[in-house]
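Engineer: Generate coordinates for the sequence data below:
(2 chains)
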Amino acid sequence: MRLSRYFLPVSKESPADAQIISHKLMLRAGLIRQTAAGIYTWLPLGYRVLRKIEQIVREEQDRAGAIELLMPTMQSAELWRQSGRYDAYGPEMLRIKDRHDREMLFGPTAEEVITSVFRDSARSYRDLPRTLYNIQWKFRDEVRPRFGVMRGREFLMKDAYSFDMDETGARHSYNRMFVAYLNTFARMGLRAIPMQADTGPIGGDLSHEFIVLAPTGESDVFYHSNWEKPAALTDVDFDDVDGLRSIVGGYTADYAATDEKRDEAREAEAGDALRQSRGVEVGHIFYFGTKYSSAMGMKVQASDGSEVIPHMGSYGIGVSRLVGAIIEASHDDAGIIWPESVAPYKVGLINMRADHEGCAAACDDLYRKLEAAGVEVLYDDRDERGGAKFATMDVIGLPWQIVVGPKGLERDVVELKNRATGEKIELSASDALAKMAQRATA
RNA sequence: CGGGGCGUGGCGCAGCCUGGUAGCGCAUUAGACUGGGGGUCUAAGGGUCGCAGGUUCGAAUCCUGUCGCCCCGACCA
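Structural biologist: Numbers count the residues shown, from 1 in each chain, chains lettered A, B, ... in the order given. Here you go, the predicted model:
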């Protein structure tokens, strides 16, 4: 993409409304614009990041054996009356009437929809277990939206729902998601710590919140220093019940708890290794037994002919919130530092002198070759001074910058800069191309 | 939902107390110079001061209402 033809409104100053760093940077870097309280338009650059994150979530859900579908944003009140939640949910649910005066709502979650859909088609134990998920916009009419996309009213959520014949099966489904979540966040460069959590209005007795450490987080959290080691992907067979259980057991062995769930004995045990921080909740998983399946009359026939009420769990990831959480965890004074896995473009190509014939030709050539090699490149071909271009690239946080200028070209070199480390090396344009092409396919 | 604050060119703000020609910085446009970390000079464009009503000869300014947004607290993927 040529910057001269793109829509990327960046600015030096951020609106006074923005309080926390991720919100300020998302506005300054031209990622989002607010449309109403807690409701945002995703500008081109921000939307690319959102889709990258969404795709990682999707791939890890698929790997864990979950199946994607798409449920509507609008739901009928009737469905929520079946579960008894229509009255229980309260003013956070946005209620709407259609032209026939029928009561509708903008879905804050989808237990009712999925249970109804699956209930009407699943007849036998052969149809189970299944975990179904979708990535869809949700609306929760928060009393006080704030912190940009970290706490919006409209937000993109991945929500998964598992159906099993019994609690043992349900716990395995739960463990699948537990490990899938660790892998999902690790791929985004985040260390997300699973913590024992309250189940809240969703109900049930087994629940973990996945929390990313950040000083601006909304929850106080306590954890063992073992959690400070960098996040690593776990290569697992998701069908291996015992193997998965022991992996989850291993992860939960190290103490980690939110403020409400602190355990004095375990904190004493951790001793000097106990750490305190603030955190952002990026995922939450629940096992809640037959709460919805029984309320909504879901039954399937077991192999012995008896009727069984399936056990369920639900599993959420705040996809749009993750954009903010990643920035909270990865930025510096100059701007955002995107992990390569979610960066909107891999590399920013800076033409130091748009008016310089040789320089422009070299840049155009390198740009074409990068695109042909499948490297996502944002080419700053504007007639601006170098300083302005550096500042733009730094604030939008692309992982790599290739700087092409007349001085370097005299010696047949370009400069490759790593945004995260600030390290700069000189190399030939073809070497820079090769290096970027290699990273694009890695 | 309780408490507090703010709405003035795209963004950040001043002006309001004490009513009288709407201003500054950044950004934008044009030209010139300049060219490796947000350049300089010159010129220019852009605002019915959130909206509605009231007071007044006259309202950004005073009064009433209303809408929107933000902050603290309680609640949340």
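
Engineer: what about stretch A:308-324, start to end distance?
Structural biologist: In stretch A:308-324, first residue to last residue: 42 Å (Cα to Cα, to the nearest Å).

Engineer: what's the answer for stretch A:61-79, then?
Structural biologist: Note: stretch A:61-79 ends 27 Å apart using Cα to Cα.

Engineer: same question, stretch A:79-95
Structural biologist: 13 Å.

Engineer: now stretch A:4-21
Structural biologist: End-to-end for stretch A:4-21, by Cα to Cα: 27 Å.

Engineer: And it, how far out from the chain middle?
Structural biologist: 22 Å (Cα atoms, centre = their mean, to the nearest Å).

Engineer: Please enumerate residues in contact with that stretch?
Structural biologist: Residues from elsewhere that reach stretch A:4-21 (Cβ atoms under 8 Å, 6 or more residues apart in numbering): A:23-25, A:27-30, A:34, A:43-45, A:146-148, A:150, A:216, A:327-328, A:331, A:378, A:381-382, A:391-392, A:395-396. C-betas here are computed from N, CA, C, even on glycine.

Engineer: quick one: low-confidence parts of chain A?
Structural biologist: A:199-205, A:442 (pLDDT under 70).

Engineer: Which strand runs longest in it?
Structural biologist: Taking DSSP state E as the criterion, chain A has its longest strand at strand A:274-289.

Engineer: Just give the number of residues close to residue A:266.
Structural biologist: 15 (other Cβ atoms under 10 Å).

Engineer: How about it, nearest residue that isn't a chain neighbour?
Structural biologist: residue A:255 (4.6 Å; Cβ to Cβ, 6 or more residues apart in numbering).

Engineer: which residues touch that neighbour?
Structural biologist: Contacts of residue A:255 (Cβ under 8 Å, 6+ apart): A:222, A:223, A:224, A:263, A:266, A:267, A:269, A:270, A:274.

Engineer: now residue A:378
Structural biologist: Residue A:378 neighbours (Cβ under 8 Å, 6+ apart): A:1, A:3, A:6, A:344, A:345, A:347, A:348, A:349, A:396, A:398.

Engineer: Export these as TSV, with columns for neighbour count.
Structural biologist: Converted to TSV, those look like this (neighbours: other Cβ atoms under 10 Å):
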residue	neighbour count
A:1	18
A:3	21
A:6	15
A:344	24
A:345	22
A:347	28
A:348	26
A:349	29
A:396	25
A:398	25
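
Engineer: which bits of the stretch 101-250 of chain A sit near RNA strand B?
Structural biologist: Contact residues (Cβ under 7 Å from any atom of the strand) of the stretch 101-250 of chain A with RNA strand B: A:140, A:142-147, A:151-153, A:155, A:157, A:200-202, A:209, A:218-219.

Engineer: Can you name every helix or strand that the longest strand of chain A contacts?
Structural biologist: Contact partners of strand A:274-289 among helices and strands, from 3 or more Cβ pairs under 8 Å, 6 or more residues apart in numbering; DSSP states H and E: helix A:167-187, strand A:192-196, strand A:206-213, strand A:219-224, strand A:311-318, helix A:319-329.

Engineer: so which of the ones you listed comes closest to residue A:237?
Structural biologist: Each of the helices and strands packed on strand A:274-289 has some distance to residue A:237 by Cβ to Cβ; the shortest is helix A:167-187, at 10.4 Å.

Engineer: elements contacting that closest one?
Structural biologist: helix A:44-63, strand A:130-139, strand A:154-164, strand A:192-196, strand A:206-213, helix A:241-253, strand A:274-289, strand A:311-318.

Engineer: repeat that for 6 Å
Structural biologist: helix A:44-63, strand A:154-164, helix A:241-253, strand A:274-289, strand A:311-318 (3 or more Cβ pairs under 6 Å, 6 or more residues apart in numbering; DSSP states H and E).

Engineer: Just give the number of residues close to residue A:125.
Structural biologist: 18.

Engineer: For the stretch 201-350 of chain A, which residue gets nearest to RNA strand B?
Structural biologist: Closest contact between the stretch 201-350 of chain A and RNA strand B, by Cβ to the nearest atom of the strand, is at residue A:318 (2.8 Å).

Engineer: Could you measure from the closest residue to RNA strand B within chain A over to residue A:424?
Structural biologist: Residue nearest to RNA strand B within chain A (Cβ to the nearest atom of the strand): residue A:405, separated by 2.0 Å. Remark: distance between residue A:405 and residue A:424 (Cβ to Cβ, to the nearest Å) = 13 Å.

Engineer: Give me the more crowded residue out of those two.
Structural biologist: residue A:405 (19 against 11).

Engineer: wait, what's in contact with the more buried one?
Structural biologist: residue A:352 (Cβ atoms under 6 Å, 6 or more residues apart in numbering).
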